[in-house]
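A.B. asks: Quick one: sequence plus predicted model below, questions after.
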Amino acid sequence: MKITEECINCSACIDECEHNAIYNAGEGFTVNGENRSALSDDYTFIVPELCDNCKSCAEVCAVGAIIEE
């Protein structure tokens, strides 16, 4: 799953994600104990290593900005 540039940063997908795989723009995250920098400074993003492709985020996206890669 990937969030496109159409994202309006409403955070609905962050609240929906059961795997804590979605982060706000500019927010760092941790994978396997390793701290990493944000994947995007402009819009909400999905960390591929944490996502299980359940698509619950896409279902709540108000602007259709979440797509399958």
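C.D. replies: Alright, I've got the coordinates. Remember, predicted model here, so these are calculated numbers, not experimental data.
A.B. asks: Most remote residue from the middle of the chain, which is it?
C.D. replies: For the chain, the residue at maximal distance from the C-alpha centroid (C-alpha atoms, centre = their mean) is residue 33, at 18.8 Å.
A.B. asks: who's in contact with that residue?
C.D. replies: If you count contacts by C-beta atoms under 8 Å, 6 or more residues apart in numbering, residue 33 has none. Glycine gets a C-beta too; all of them are placed from N, C-alpha and C.
A.B. asks: Just the pLDDT for residue 69.
C.D. replies: pLDDT for residue 69: 84.
A.B. asks: pLDDT score assigned to the spatially closest residue to it that is not a sequence neighbour?
C.D. replies: In space, residue 69 comes closest to residue 2 once its chain neighbours are excluded; the distance is 4.8 Å by C-beta to C-beta, 6 or more residues apart in numbering. At residue 2, the model reports a pLDDT of 95.
A.B. asks: For residue 2, list the residues it contacts.
C.D. replies: Contacts of residue 2 by C-beta under 8 Å, 6+ apart are 46, 66-69.
A.B. asks: Give me the phi and psi for residue 58.
C.D. replies: phi -60, psi -30 (degrees, to the nearest 10).
A.B. asks: I'd like the distance between it and residue 48.
C.D. replies: Applying C-beta to C-beta, to the nearest Å, the value for residue 58 to residue 48 is 15 Å.
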